[in-house]
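Novice: What would the 3D arrangement of this be:
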Amino acid sequence: MFTNVLCAAWNIPELARINAGYYPPISAAAALQKERLNPGDKIALISSEAEAMIGRDTFVANLNKLQIISQVTDPDAFLQSSKDAQARTLDMLRSTGAKAALLFPVVVTPDASWNALGGGYFYKPLPPP
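Specialist: Sure thing, here's the model as predicted:
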């Protein structure tokens, strides 16, 4: 709750500067603001946090007022799957209306096709086919 009060009082880039190294989701949210996503845009979450409701990983999307509409709950299994399986999964997420995917791996590091946001967070646009 205290973090939410801080977000209302300061803008995200200022929070990122103040909290650099302390709370990575704030720095990741500031980096995500530079991507072409607008408040209300629909995104997919690839995170081990269940139900995409509340938590450290969803906080990045919530700070940017993005709507999480689909989720993959095992990011490391996703990253360890074949490139074809990953592409099919991303196509499925895109078909839900997601404009981008946010990835929060636990152990496995994604390939260079993912944009690093800092603090172990990654982003990939999902342009329409």
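Novice: S48 and L103 touch, don't they?
Specialist: No - using Cβ atoms under 8 Å, S48 makes no contact with L103, being 10.9 Å away. All C-beta spots, glycine's among them, are computed from the backbone N, C-alpha and C.
Novice: what touches both of those two?
Specialist: Both S48 and L103 are in contact with P75, where contact means Cβ atoms under 8 Å, 6 or more residues apart in numbering.
Novice: Check which element follows the helix or strand hosting S27 along the chain.
Specialist: For S27, the host element (DSSP states H and E) is helix 24-32. For helix 24-32, the succeeding helix or strand toward the C-terminus, using DSSP H and E, is strand 42-46.
Novice: Please, where are all the helices along this protein?
Specialist: Assigned by DSSP state H, the helices in the chain fall at 2-9, 12-19, 24-32, 56-63, 75-80, 83-95.
Novice: Lowest-scoring secondary structure element of this protein by mean pLDDT?
Specialist: Among the helical and strand segments of the chain, the one scoring lowest on mean pLDDT, DSSP states H and E is helix 2-9, with a mean of 51.
Novice: Give the ranges of residues in this protein that sit below the confidence cut-off.
Specialist: 1-24, 50-56 (pLDDT under 70).
Novice: Nearest residue to the middle of it?
Specialist: Nearest to the geometric centre of the chain sits L102, at 2.8 Å (Cα atoms, centre = their mean).
Novice: distance of it from S70?
Specialist: 11 Å (Cβ to Cβ, to the nearest Å).
Novice: That's all I had, so thanks and see you.
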